[in-house]
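Undergrad: Next one to model:
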Amino acid sequence: MRLKLIIMLLFVTLSAICQNSYDLVIVGGNPGGIMAAVQAARLGKTSVILERTEHIGGLPANGLGATDINTRGATTGLFLEFVNRVKEHYTKTFGPISRQVIDCSDGYHFEPSVAAKIFNEMIREQDSKITVLKMRQFDSDPAHIKIVDNKIKKITIKNRLTGETEEYFGKIFIDATYEGDLGAAANIPFRIGREGYNEFQEIGAGKIYKYWDGPTGSGSSFQGDNAVQSYNYRLCLTNNPQNGVPFHKPENYNREEYLSLVEDVLLGKHTGIEMLSVTKKMQEENKQRILKGDSTNIPGDIWGIKKLTNMVTLPNSKTDANNQHLAFISTDLPEENWGWATSSWEWRDKFAERLKNYTLGLLWFAQNDKALPLSFRKAVAHWQFAKDEYTDNANFPRQVYVREGRRFECSYFFTAKDALPMEDKRPPICPNSITASHYALDSHAVRKRENGKIHLDGFLSYPSAPYTVPWGVILPKEVDNLLLPVAVSGSHIGFSTLRMEPCWMALGQAAGVASSIAIESNCKMKNISIELLQDILLDNNATLIYFNDLTPQNPHFQMVQYLGIRGYLPEWSACLNEKISQQTLEFWTRKSGIQLKAEIGKTLRIEVLKDIYDMLKGNTNPPKYYSKTH
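TA: Numbering: from 1, shown residues only. Take a look at the predicted model:
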C-alpha cells in the first residue's frame with residue numbers, strides 16, 4: 001500500500017513537471033521575449049512566455065509607436081517582418097494611398113493597439129508551440145530559481161490571479177524583462193548607474209550637463225555615480241475631438257511640482273544650443289509679447305503641447321508623445337526611479353502610480369492653471385488621450401518606459417567605442433555579430449532641474465554609426481542555459497544605443513536561434529557554433545552588418561554578410577557590380593591567403609567575392625580566379 005502511494009505521488013509530480021516543461025522558458029512578454037519565442041517555434045521548439053501583466057508587447061504596445069532606429073535597414077529579420085506587417089495592416093484596412101498608410105511611415109510608426117495585434121498574430125501563427133501565460137510574476141530573489149551544475153533547472157512564479165506559486169522547467173531560460181530580474185536571481189554580475197569617463201574613456205560618461213545639440217556646460221565632472229536615467233510613459237494623444245478623452249485632474253495633484261513651467265513658457269526657457277544667444281532683454285520682451293496673447297519668439301523655443309512632449313505623428317490622428325528633450329520639465333520624472341531595477345514589484349507598482357499621477361497632473365496644469373498665459377493653455381487645450389487605446393486602463397498606458405534597468409556583465413561588454421566610427425569609417429566590426437543596429441548614444445536625465453544649470457544632468461545624445469552587436473552581450477559567463485537579450489551587457493553609454501526595441505527584437509531572435517542550436521546539439525550555450533548561429537539568422541533575413549546598397553532580398557546577401565563580418569568589405573557599400581581595382585584585389589588576396597586572379601578593370605567584384613566565399617565555406621573545388629598561396 002505504501003509503495004502504491006509513493007508511485008502515485010511520483011506519477012503526480014512527474015505529470016506536473018511535464019505540464020510546465022518547455023524547451024524555452026521566457027520571463028517577460030516584451031518584444032525581445034516574443035521574438036525569441038517566435039523564432040524558436042519556427043525552428044521546432046516550444047516556449048512559454050511568462051508575462052506579469054494582462055497584456056504582451058512591452059513598450060511598442062504601450063505608446064512607443066515611433067520606432068527608434070536611425071538607419072532603416074540596419075536591423076531586419078523578425079523586426080522588419082513586424083514593420084512590414086504594420087504597413088500591411090494599414091494598407092488592407094484603409095487602402096494603399098490612405099492617410100493612415102502615409103502616417104505609418106512604411107510600417108515604422110504605429111498605434112499601440114496595432115502593435116499588440118501584430119505581436120499576438122505572430123504568436124498565434126505558431127500553433128501550439130508558444131504558450132503565453134499572463135499575470136505571472138517573477139521576483140528576483142535567488143530562492144525562486146534552482147541551479148544545478150551551472151544550469152537552471154526550474155523557476156518559481158507567482159500567479160497574480162490566484163496568489164499561488166507555480167514551477168516552470170526548461171532546457172533554456174531567457175530573461176526578457178526590462179529590469180533583468182531573472183539574471184539577477186541567477187547571480188549574474190550587473191551594474192546600475194553611470195560609469196565615469198576614466199573607466200572606458202567614453203564620450204558623455206559620468207556627470208554631465210549639455211546644451212541639446214550643443215556644448216558641455218559647467219558642473220560636468222564626468223564622474224561615475226549610482227544615477228539611473230529617468231522613466232516616463234509614452235502617451236498616445238490625439239487632436240481629433242471625436243476620438244478624444246479629456247485629461248483629468250489626478251487625486252494626488254500637487255500644483256507646486258509644475259509651477260516652474262510658467263516662467264519657462266513666459267521667458268522662452270529651453271535647453272537647446274540657441275539659448276547661448278538669448279539675452280535677458282529678449283526674454284522680457286518675449287514675456288510681454290505672450291501676455292498680450294501671442295506665442296513665443298525665442299529662437300529654438302516651442303509652443304503648446306510640444307513644450308511638454310516630443311510629438312511624432314502616428315496613423316489615425318494620434319501621436320507618440322515622449323518626453324521633450326528641450327524642456328526642463330516634461331513627462332520624465334528623474335531621480336525618483338533610481339530604485340526601480342533592484343526593488344520589489346510592490347515598490348515598482350507604487351512608483352508607476354506616482355509617475356502616472358505626476359503625468360496626469362502635468363497635462364492638467366498645462367491646460368487649466370491660470371498662472372499660465374491663456375494663449376498657451378488654448379494651444380494645449382485641443383489635445384486629449386486617444387479614446388480607443390488602453391480602453392481597460394482609462395486610456396492611459398499600462399507600462400512604464402523602463403529605459404535602463406540592470407546591465408549585466410556578460411562575455412562581451414559593449415561600450416561607446418563599439419558604436420562610434422573609426423577614422424571616418426565603420427565602428428569596429430565584430431566577427432561574431434548577431435545583428436546590426438543603429439541609434440544615437442542617447443540618455444535621458446538622471447536629476448531634476450538645478451538652479452543655474454543649462455540642462456538636466458545626464459540628458460544627452462551623440463551620433464553613432466551603424467554597428468555590429470557581438471553575441472557575447474547576451475551570453476552570461478556563469479550559467480550555461482541562460483540568455484539575456486534585453487538587459488544586455490554594456491556600460492551606461494554603450495547600453496544607451498542598444499536599448500531600442502528594434503535591437504532588442506533582433507537580440508531576441510538571436511536568442512531563439514541560439515537556444516534551438518544548444519538544444520539540438522545538447523551543448524552548453526557558450527559552446528554552440530557561432531557560424532551556424534549566423535547562418536540560421538541569415539536564413540531568417542537578419543542583418544549582421546549593414547551595407548547601404550544591399551537588402552536581404554539580394555541573392556548575394558548572405559555571402560556579403562559572411563564576408564562583411566570577416567572584414568572583407570570595410571566600406572559602407574558592397575559595390576558588387578563594380579569592376580575590381582588593383583588595391584582591392586591585393587587586399588582580398590592578403591586577407592584570404594589565396595592568390596586571387598582577376599583582370600583589373602574588367603572582372604566584377606562579385607565574381608571574386610563568390611570565389612573567396614566558396615573557398616572559405618568549402619562549397620566547391622578551386623575556381624578559376626585563384627590559386628592557393630599556402
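Undergrad: Chain neighbours aside, what residue packs nearest to Ser433?
TA: Counting by C-beta to C-beta, 6 or more residues apart in numbering, Ser433 lies nearest to Thr468, which is 3.7 Å off, once chain neighbours are set aside. Yep, even glycine has a C-beta here, placed from its N, CA and C like the rest.
Undergrad: Contact partners for the one you found?
TA: Counting by C-beta atoms under 8 Å, 6 or more residues apart in numbering, Thr468 makes contact with 427-430, 433, 435-436, 544-545, 565.
Undergrad: Could you list the domains of this structure?
TA: The chain breaks down into these domains under automatic domain parsing: 16-192+404-425+439-539, 235-386, 557-628.
Undergrad: In contact with the residue nearest to Leu59 when sequence neighbours are not counted, which residues?
TA: Excluding the flanking residues, the one nearest Leu59 by C-beta to C-beta, 6+ apart is Tyr401, at 5.8 Å. By C-beta under 8 Å, 6+ apart, the contact list for Tyr401 reads 59, 62-64, 231-234.
Undergrad: Torsion angles phi and psi at Tyr401?
TA: phi -80, psi 90 (degrees, to the nearest 10).
Undergrad: Distance-wise, check it relative to Thr76.
TA: 25 Å (C-beta to C-beta, to the nearest Å).
Undergrad: coming back round to it: of all pairs in the contacts of Thr468, which one spans the longest distance?
TA: Farthest-apart pair in the contacts of Thr468 is Pro428 and Thr435; separation 15.1 Å (C-beta to C-beta).
Undergrad: Look at the two and report which has more neighbours.
TA: Taking neighbours as other C-beta atoms under 10 Å, Pro428 and Thr435 compare with Thr435 leading, 30 against 14.
Undergrad: what sits against Gly77?
TA: So Gly77 contacts 435, 505-506, 509, 537, 540-543 (C-beta under 8 Å, 6+ apart).
Undergrad: cutoff 6 Å now
TA: By C-beta atoms under 6 Å, 6 or more residues apart in numbering, Gly77 lies in contact with 506, 509, 540-542.
Undergrad: Can you get me the centre-to-centre distance for the helix or strand that Gln100 is a member of and its chain?
TA: Applying DSSP states H and E as the criterion places Gln100 in helix 99-103. Mean-position distance between helix 99-103 and its chain equals 24 Å (C-alpha atoms, centre = their mean, to the nearest Å).
Undergrad: mind listing what's buried in stretch 523-539?
TA: Buried residues in stretch 523-539, counted by 16 or more other C-beta atoms under 10 Å: 525, 528, 530, 533-538.
Undergrad: returning to what we had before: by contact count, what packs against the helix holding Gln100?
TA: Applying 3 or more C-beta pairs under 6 Å, 6 or more residues apart in numbering; DSSP states H and E, we find helix 99-103 packed against helix 77-94.
Undergrad: Please save the CA atoms from the helix it packs on in PDB.
TA: In PDB, the C-alpha atoms belonging to helix 77-94 read as follows (Å, rounded to 0.1, in the frame of the first residue of the first chain):
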ATOM      1  CA  GLY A  77      14.900  39.800 -39.500                       C
ATOM      2  CA  LEU A  78      11.800  39.500 -37.400                       C
ATOM      3  CA  PHE A  79      11.900  43.200 -36.600                       C
ATOM      4  CA  LEU A  80      11.500  44.000 -40.200                       C
ATOM      5  CA  GLU A  81       8.800  41.400 -40.500                       C
ATOM      6  CA  PHE A  82       6.900  43.200 -37.700                       C
ATOM      7  CA  VAL A  83       7.300  46.500 -39.500                       C
ATOM      8  CA  ASN A  84       6.100  45.100 -42.800                       C
ATOM      9  CA  ARG A  85       3.100  43.600 -41.100                       C
ATOM     10  CA  VAL A  86       2.300  47.100 -39.700                       C
ATOM     11  CA  LYS A  87       2.300  48.500 -43.200                       C
ATOM     12  CA  GLU A  88       0.200  45.600 -44.500                       C
ATOM     13  CA  HIS A  89      -2.400  46.200 -41.700                       C
ATOM     14  CA  TYR A  90      -2.800  49.900 -42.600                       C
ATOM     15  CA  THR A  91      -2.800  49.100 -46.300                       C
ATOM     16  CA  LYS A  92      -5.500  46.400 -46.000                       C
ATOM     17  CA  THR A  93      -7.600  48.300 -43.600                       C
ATOM     18  CA  PHE A  94      -7.600  51.800 -45.100                       C
END
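Undergrad: neighbouring contacts of the longest strand belonging to the chain?
TA: In the chain, assigned by DSSP state E, the strand with the most residues is strand 165-175. By C-beta under 6 Å, 6+ apart, the surrounding residues in contact with strand 165-175 are 17, 20-27, 36, 152, 154-159, 182-183, 481-484, 511, 515, 519.
Undergrad: Now list the buried members of these.
TA: Buried, going by 16+ other C-beta under 10 Å: 20-27, 36, 152, 154-158, 182-183, 481-484, 511, 515, 519, out of those.
Undergrad: Let's see the pLDDT reported for the spatially most central residue of the chain.
TA: Taking C-alpha atoms, centre = their mean, the centroid of the chain lies closest to Met500, which sits 2.0 Å from it. Note for Met500: predicted pLDDT of 98.
Undergrad: so how far is Leu507 from it?
TA: In terms of C-beta to C-beta, Met500 sits 11 Å off from Leu507.
Undergrad: Kindly report the same for Arg255.
TA: 43 Å.
Undergrad: got the phi/psi numbers for Gly29?
TA: phi -100, psi 30.
Undergrad: Give me the neighbour count for it.
TA: Around Gly29 sit 27 other residues, with neighbours defined as other C-beta under 10 Å.
Undergrad: Hmm, it is touching Gly57, no?
TA: No: judged on C-beta atoms under 6 Å, Gly29 makes no contact with Gly57 at a distance of 7.1 Å.
Undergrad: Okay then, goodbye and thanks.
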